[in-house]
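Trainee: Provided below for reference: sequence and predicted model.
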Amino acid sequence: MKPSTKDNAEGKMHQVKGKIKETVGKVVGNDDLEAEGKVEKLGGKAQENLGEVKKIVGK
C-alpha cells in the first residue's frame, strides 16, 4: 500500500473513531471523552490531508 493511501485510510479511521468518542461523550455527559474525540477527529483530518499532499508530490 502506498504511503499516501495508508495515510488517507488511517486518517479516515481516526475521524470515525473521533466522531464516535465525541458523540458518546455528549450522550453520557463526559466532557473529557467528548474533547478526546474532537482531537482525534482533527488529527485524522490532518493525516488524511497529509496523504493528499504525498499523492500530489508523488511520494
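Mentor: Perfect, I can see it now. Residues are numbered from 1 along each chain as shown.
Trainee: Quick check, pLDDT for the most centrally placed residue in the chain.
Mentor: Centroid-nearest residue in the chain: residue 44, 1.9 Å away (criterion: Cα atoms, centre = their mean). pLDDT for residue 44: 97.
Trainee: Kindly report the same for residue 59.
Mentor: Note on residue 59: pLDDT of 58.
Trainee: Over to residue 16?
Mentor: With respect to pLDDT, residue 16 scores 98.
Trainee: before we move on, back to that, give me the element the residue nearest to the centre of the chain is part of.
Mentor: helix 31-57 (DSSP states H and E).
Trainee: gap between that helix and the chain center?
Mentor: 4 Å (Cα atoms, centre = their mean, to the nearest Å).
Trainee: by contact count, what packs against that helix?
Mentor: Judged by 3 or more Cβ pairs under 8 Å, 6 or more residues apart in numbering; DSSP states H and E, helix 31-57 is in contact with helix 3-28. Heads up, the C-betas are built off the backbone N, CA and C, glycines and all.
Trainee: Quick check: buried residues in the helix it packs on?
Mentor: 4, 7-8, 11, 14-15, 17-18, 21-22, 25 (16 or more other Cβ atoms under 10 Å).
Trainee: which of these lies closest to residue 57?
Mentor: If you rank these by distance to residue 57 using Cβ to Cβ, residue 4 comes first, at 8.7 Å.
Trainee: So what does residue 2 have for phi and psi?
Mentor: Residue 2 adopts backbone torsions of phi -70, psi 150, taken as degrees, to the nearest 10.
Trainee: and it, how far is that from residue 27?
Mentor: Distance of residue 2 to residue 27, given as Cβ to Cβ, to the nearest Å: 37 Å.
Trainee: Could you report the pLDDT at the residue lying closest to residue 21 once chain neighbours are set aside?
Mentor: Distance criterion Cβ to Cβ, 6 or more residues apart in numbering; nearest residue to residue 21, sequence neighbours excluded, is residue 37 at 3.1 Å. Residue 37 carries a pLDDT value of 98.
Trainee: Perfect, I'm done here.
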